[in-house]
Every structure is written in structure tokens, then in C-alpha cells.
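>>> Predicted coordinates and the sequence they were generated for:
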Amino acid sequence: MIFSSTFTKGTITSTPNWVGTYLMDDACDSSRCCCFTNQITFVQPSNNLLQISGPVIGQCGGFPPTVTLSQIIPIGFQAMLTWGGQPVRVQLGQDNAYVSFVDYTRGFCSTSGVRISYNAASMKSMNLGLVIFILLITIGIMK
């Protein structure tokens, strides 16, 4: 996956990169919801499939201690899935640095996580983009 970014009015837009590991926050109310906790991973086992896997806590009923959800890989920065019978929007940040799970019917079950790892290919292309960006800034300063 090639990283490309465009800076427009202070925002960064890029190609979505879902694959990675995210450290989840504790915003989801585990006394009323089944919540992802600790680290969750997004993997792409095939060209068109995205799997979300991680440990869960709270009111999880028949769910095992680690849950794996499968989803057709999103084209953009969001996807819809069903979690515990509820519609949930999974939103990837425009900078690929965070992910959010937004439960429309039970907002107290929503949560987010910050990316703590990338796959090796995306890191190489992101590092190249960063080097070019820094080089352009350095050239601009020297003029």
C-alpha cells in the first residue's frame, strides 16, 4: 500500500490502512456492554476480507474471551458491522492513527483505540513519505 498525503487547510487525507494493532481506551461501559479491551488487531487474511480480533470484557453473554469479527475490507475510512446485535460504525482516522467503534443505539458502548503498530510494508512507504516531506521543508528553509 502506498502512502500518499495531501495537506489542505490543516487536515491530512491519506489512503486507508486498516491493518495494525490498536491500544483500546476504557470509554466503553463494561458494566452495560461487551467491550474490546487492551490490544486488538486488524488483519487482512485475503484480498477482500478484514478481521478484527481482540479480548473483550463486560456484559458479553455468549461471546468467548477473545472475539474475531470479519468484514469485507472497506474502500474508505469507515465500515458498518453488527456487534452484539447492534449496528456499529468502525471509523479509521484520516491519518490512520486511531480507530473508533461507534454504537448508534447505545453511545455508552462506543470506544476508540490508538494505533501502536503498522505492517512492515506500510511503515516503509510512510517513512519514505515522511523523509520527502522533511526534505521539502528543509529545502524551503534553506532558500
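Arrived safely.

>>> Strands along this protein, start to end?
5-8, 11-14, 20-24, 34-36, 39-46, 49-58, 66-72, 78-83, 86-92, 98-103, 111-118 (DSSP state E).

>>> Put together JSON lines for the ones you listed, with mean neighbour count and mean pLDDT on each row.
Where C-beta positions appear, they are placed from N, C-alpha and C, glycine not excepted. Listed next are the strands of the chain as JSON lines, based on neighbours: other CB atoms under 10 Å; pLDDT from 0 to 100:
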{"stretch": "strand 5-8", "mean neighbour count": "10", "mean pLDDT": "40"}
{"stretch": "strand 11-14", "mean neighbour count": "14", "mean pLDDT": "61"}
{"stretch": "strand 20-24", "mean neighbour count": "19", "mean pLDDT": "96"}
{"stretch": "strand 34-36", "mean neighbour count": "23", "mean pLDDT": "95"}
{"stretch": "strand 39-46", "mean neighbour count": "16", "mean pLDDT": "95"}
{"stretch": "strand 49-58", "mean neighbour count": "17", "mean pLDDT": "96"}
{"stretch": "strand 66-72", "mean neighbour count": "14", "mean pLDDT": "93"}
{"stretch": "strand 78-83", "mean neighbour count": "15", "mean pLDDT": "91"}
{"stretch": "strand 86-92", "mean neighbour count": "18", "mean pLDDT": "93"}
{"stretch": "strand 98-103", "mean neighbour count": "19", "mean pLDDT": "95"}
{"stretch": "strand 111-118", "mean neighbour count": "17", "mean pLDDT": "91"}
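
>>> Nearest residue to the middle of the chain?
Relative to the mean C-alpha position of the chain, the nearest C-alpha, by CA atoms, centre = their mean, is the one of residue 99, at 3.3 Å.

>>> which residues touch that residue?
18, 22, 42, 90-93, 112-113, 115 (CB atoms under 8 Å, 6 or more residues apart in numbering).

>>> Kindly report the same for residue 28.
35-36, 58, 101, 108-111.

>>> Can you name the two of these that sit furthest apart?
36 and 108 (14.4 Å; CB to CB).

>>> And residue 37, how far from residue 14?
Relative to residue 14, residue 37 is positioned 28 Å away (CB to CB, to the nearest Å).

>>> Fine by me, thanks again.
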